[in-house]
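In: sequence-free structure coming up:
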């Protein structure tokens, strides 16, 4: 099949481009980008199927490039010049109905592209594409001569005449090419299915592969206007309307440009055509567009724009302060050593050597590498980790006083010890003056007694964490040593009065490895860091559709924590065990000890008869009710068992009392037998007969169940797994076919957390983790199509191993509530958590084809405490979704070898996903949490995996989300703004107090302790006055003073607008000016009456007033005395002076530009 454009292809397309350029008034250069042919079957009313879109290529004429099966020209026609023609490679198969009304329709379509110009400059990297129909034609194969193979030549028609495609076709003006015998001629050869020539290849329906760009765009579907019976448009037609060549869609490429606002934007990809068609190529489509006819114009999805997140990701790993790290002075260190803190000594009483946690300078030698063999061969196998909290150095902060914080406490978790929340510690020592921000003044920490007094006898707080043979299970010590070598201890610092989080600090635990030494200790000075959400400085670059200013994350230092860590080694405390007595005959050894004690060591050598209550408690409960089974049936059996379970202790006590009463009666009678009357003996016989009937009925009722349980125990194998949270624990279970015929065994687990490993690659990976070499066949399991249960085929008497895997992400133990711990001694010993925080029993049934169990595997799972690598806390408004991004650092060893990261959340109601980026770029973990009422808190775990099978998490994060009530306040800087809040009482009466995060910028009335009645309503008056403009987040907590619990919390978002500057001044001051400089500015009272004014400044450390308030008569002038503090560094600063009235409303604002040179 080919098309001839007369007089020639070059002349035809050149004239066409000239007319289109003049018609569209397009200043850019037009180019022919694609040539297409639409082929479809029409019934006279509509298309049977959507037309196929075929791509035409340039080829030599048939006279010079003839081959077997090529077409020949019809006799009598004029020879075509040897210019190139448009040809179609291969064949096209269409489904025809052998009726005269059905016809083949053809449409020639060109794709044009033009460069766009912006602001008078031509941009070669942006092109607009549109389509144009050049002609159409129809041919009926069943009209006239009937069905036979024939050669057909058609002349395509153009113009504004109606056509089945419903588009406007191009037509040259009269007297031009068409009048001279030119135009578009289509030639092809038609073969019915029964007359296909044997030399030609089998004509198959075209199956075209679609590029990824087409997969992305196949949902964008647009139906042609004014032609409901016509076909759906192809993807190229999505780039333009069907009339004049007005561009409506732009091509998308790596050099994408913006589209003018008058056009509708939609993505089109042409990556595989850029090499041949240039920059702005359109996707080639030789496909059937049947999928595009199911949707209409209203169902076309919108194009997704590139969107920048409003909130920057929270960087949790490797969080460091960008400023210069400071160390305490020698005087501050001398002050700490003279405070009298407890010393760290080894088991022999010698002082532990003091190690440097990190080299102070680059010239110092680094610490020795970790040698695990030295740790395992150490004779002192017991380790006692000592954590001492010594002091806290305050750093002046904006919005708080110099004595903040007054009392603090800490929370952290070491290894698998329970989470620790220390009692409140008060800061004792000098306070840094606000003028000297670099003043180093560590405050000693001292415990607070129950009566509120300070315990100054022993400063600091010391915690001991013993880790020895009694605390660790066999084989766990290597995990503990790996934890010390690879992990850090994260400590959270809290304000004990307001229960507000001050910040967190992290310290490496690797120096705690003793490496053969009896004891070690280190002194640390840790920066307490916090993440502040502040407005982005580049807010002007935000697109208009974002709706709000972007918020970035800034790291600030809230203080410095002085901490001492130590590790004291000790010998293994052996248990006193009796010597074993061995028999020379080869019998089992006797463990020694008492013969009557049922201990773990001699349990196999002793025995004790059990009471009937212990063996058949349900039967004894039935006999105790006094009613037979014949009267109550099955319900009595269940009732008796329930009574036995509830009152076992009470029945045992009553039985002992009756026994003692019988013994006393026998002693009073002198041991003589009591002769009862005949009627009494008859009554006892009837009672015994009744009990025998009850026992016989009970046995008949439970016989089937007992036999079933006995048979089940015979085919049941028991296994015990010790697994932590999020880690996959593999298990091999032997399975044997007990029959003489082959069987297909179905495997069913009671718990989905215990599953069958059906993937061979996954099992190989698990084998490498547990160092096992159990064989596993390829294609061993088959999934049942109905139940989706794994099945395995077994030959007669064949035995195989079934690989199982247990993995859970749901914690089965509750964590202690966040708050201040009760007052204890300064010396606290922490105990390790129980080896099993939760025991779970799961059965796996192996059933044959008849549904009966062939074998049963009972797995007892003991969940071990897990290690938390990172603790993350968020504060968010209540009843709203929290959407945050947690950033992971880039893979530093080799970006191309970065692992495939996966994440999993322990809460199924929390969505957690990780973004895929380039190997050199960092990745973000996106989380979305549904809100709950204030002041509730949600806790969940995030598991980060570095391998595709997600067998063992590389990191475990514990996330806390504190939900608060939100209040938005808009104010002007330097001016007081008031807002009311409603505090609702709880179920009990409380004594509460309000605390704020920035006391100098926000005050609350009442500010003292007040009584909050039960279920009452209390109004709180919030007063906010910001001295600097911008967006700021404040927090208000209502704390129960007696229980130290959080009653209610608010998150207050303050948007401070800058004031109107009335006057501006300029002053130059020398650097290091000693006592500073004193100046005066005048202010005139504009009112006719006397007014009192108040002075404020946004830089209190640089500017102070001679008088904070002054009074001026009406129309008089007052000189305001200013004192500028000296500066030690050159620079320039704008200082605002707020002049407020008696109601604290801003009257005037002066700006003083101070230049330090």
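Out: Looks like it came in fine. Everything numeric here is computed off the predicted structure, so don't read it as measured data.
In: I'd like the average pLDDT over the lengthiest helix in the chain.
Out: For the chain, the longest helix by residue count, based on DSSP state H, is helix 678-714. Taken as a whole, helix 678-714 has an average pLDDT of 85.
In: could you point out which element follows it?
Out: Per DSSP states H and E, the first helix or strand lying C-terminal to helix 678-714 is strand 716-724.
In: coming back round to it: list the buried residues of the longest helix of the chain.
Out: 694, 697, 698 (16 or more other CB atoms under 10 Å). Backbone N, C-alpha and C define where each C-beta goes, glycine included.
In: Could you do stretch 1109-1122 as well?
Out: Neighbour-count burial for stretch 1109-1122 flags 1110, 1112, 1120, 1122 (criterion: 16+ other CB under 10 Å).
In: Any idea what the third one is bridged to?
Out: For residue 1120, the beta-bridge assignment (DSSP bridges) gives partners residue 1081.
In: show me what contacts residue 1121?
Out: For residue 1121, the contacting residues are 1078, 1079, 1080, 1105, 1106, 1107, by CB atoms under 8 Å, 6 or more residues apart in numbering.
In: mind running it again at 6 Å?
Out: Contact analysis of residue 1121 by CB atoms under 6 Å, 6 or more residues apart in numbering lists 1080, 1106.
In: any idea how far it lies from residue 1150?
Out: According to CB to CB, to the nearest Å, residue 1121 stands 14 Å off from residue 1150.
In: One more: residue 844?
Out: Distance of residue 844 to residue 1150, computed by CB to CB: 81 Å.
In: So the two - more neighbours on which side?
Out: With neighbours defined as other CB atoms under 10 Å, residue 844 and residue 1150 compare such that residue 844 has more, 24 against 20.
In: Quick check: that one vs residue 752, distance?
Out: On the measure of CB to CB, residue 844 and residue 752 end up 12 Å apart.
In: per-residue pLDDT, residue 814?
Out: On the pLDDT scale, residue 814 is placed at 51.
In: I should have written residue 651 there, sorry.
Out: At residue 651, the pLDDT recorded in the model is 71.
In: That one: how many residues sit nearby?
Out: By other CB under 10 Å, the residues close to residue 651 number 17.
In: Make sure residue 143 is actually in contact with residue 99.
Out: No. In this structure, residue 143 is not within contact of residue 99 by CB atoms under 6 Å, at 9.8 Å.
In: okay, now the nearest residue in space to residue 1043 that is not next to it in sequence: neighbour count?
Out: In this structure, residue 1043 finds its nearest non-sequential neighbour in residue 990, 7.9 Å apart by CB to CB, 6 or more residues apart in numbering. Close neighbours of residue 990, defined as other CB under 10 Å, add up to 20.
In: Dump the buried residues of stretch 1109-1122 to JSON lines, plus distance to residue 516 and pLDDT.
Out: Output for these, formatted as JSON lines (distance: CB to CB, whole Å; pLDDT from 0 to 100):
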{"residue": "1110", "distance to residue 516": "73", "pLDDT": "94"}
{"residue": "1112", "distance to residue 516": "79", "pLDDT": "93"}
{"residue": "1120", "distance to residue 516": "71", "pLDDT": "93"}
{"residue": "1122", "distance to residue 516": "66", "pLDDT": "93"}
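In: want to throw those residues into TSV with secondary structure and distance to residue 559?
Out: Formatted as TSV, those follow (DSSP: H, G, I helix; E, B strand; the rest coil; distance: CB to CB, whole Å):
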residue	secondary structure	distance to residue 559
1110	strand	37
1112	strand	43
1120	strand	36
1122	strand	32
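In: all helices in the stretch 451-600 of the chain, in order from the N-terminus.
Out: Remark: helices assigned in the stretch 451-600 of the chain by DSSP state H, counting those that start in this stretch are 477-486.
In: neighbours around residue 90, how many?
Out: Using other CB under 10 Å, residue 90 has 11 neighbouring residues.
In: what do you get for residue 1042?
Out: Neighbours of residue 1042 using other CB under 10 Å come to 10.
In: Over to residue 89?
Out: The burial count for residue 89: 11, using other CB under 10 Å.
In: if I look at it, how far off is residue 83?
Out: Counting by CB to CB, the gap from residue 89 to residue 83 is 19 Å.
In: what does residue 42 give?
Out: Counting by CB to CB - residue 42 and residue 83 are separated by 32 Å.
In: Please identify which of these two sits among more neighbours.
Out: Comparing residue 42 with residue 83 by other CB under 10 Å, the one with more neighbours is residue 42, at 21 against 17.
In: Just grab the bridge partners of the more buried one for me.
Out: residue 47, residue 103.
In: Any figure for the gap between it and residue 138?
Out: For residue 42, the distance to residue 138 - CB to CB - is 7 Å.
In: Between these two, which contacts overlap?
Out: Common contacts of residue 42 and residue 138 (CB under 6 Å, 6+ apart): 103, 105.
In: returning to what we had before: could you single out the nearest of the buried residues of stretch 1109-1122 to residue 688?
Out: residue 1110 (107.4 Å; CB to CB).
In: about what we covered before: now render the buried residues of helix 678-714 as TSV, adding distance to residue 797.
Out: Shown next, in TSV, are those (distance: CB to CB, whole Å):
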residue	distance to residue 797
694	46
697	43
698	40
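In: So which residues of the stretch 1-150 of the chain form strands?
Out: 2-6, 30-42, 52-55, 57-59, 85-87, 103-118, 121-139, 150-156 (DSSP state E, counting those that start in this stretch).
In: Residue 464: what's its closest spatial neighbour, skipping adjacent residues?
Out: Nearest residue to residue 464 in three dimensions, chain neighbours excluded: residue 829, at 4.5 Å (CB to CB, 6+ apart).
In: Which strand residues bridge residue 1057?
Out: residue 972.
In: doesn't residue 972 make contact with it?
Out: Yes. The criterion here is CB under 6 Å, and residue 1057 meets it with residue 972 at 5.3 Å.
In: who has more neighbours, those two?
Out: Shown here are residue 1057 and residue 972; by other CB under 10 Å, residue 972 has more neighbours (19 against 13).
In: What distance do you get for the more buried one to residue 687?
Out: Distance of residue 972 to residue 687, computed by CB to CB: 93 Å.
In: And for residue 523?
Out: The spacing between residue 523 and residue 687, counted by CB to CB, is 80 Å.
In: Residue 854: which element?
Out: Assessed by DSSP H and E, residue 854 sits inside strand 853-864.
In: Mind listing what's buried along that strand?
Out: In strand 853-864, residues buried by neighbour count (16+ other CB under 10 Å) are 853, 854, 855, 856, 857, 858, 859, 861, 862, 863, 864.
In: What does the pLDDT read for the residue nearest to residue 1043?
Out: Reported pLDDT for residue 990: 93.
In: Likewise for residue 950?
Out: Looking at residue 950, its pLDDT stands at 91.
In: for the residue nearest to it when sequence neighbours are not counted, phi and psi?
Out: Using CB to CB, 6+ apart and skipping residues adjacent in sequence, the residue nearest residue 950 is residue 902, 5.5 Å away. Taking degrees, to the nearest 10, you get phi -140, psi 150 for the backbone angles of residue 902.
In: Which pLDDT value belongs to residue 902?
Out: Confidence at residue 902, expressed as pLDDT, is 92.
In: So it sits against residue 944, correct?
Out: No. Checked against CB under 6 Å, the pair residue 902 and residue 944 is beyond contact range at 7.7 Å.
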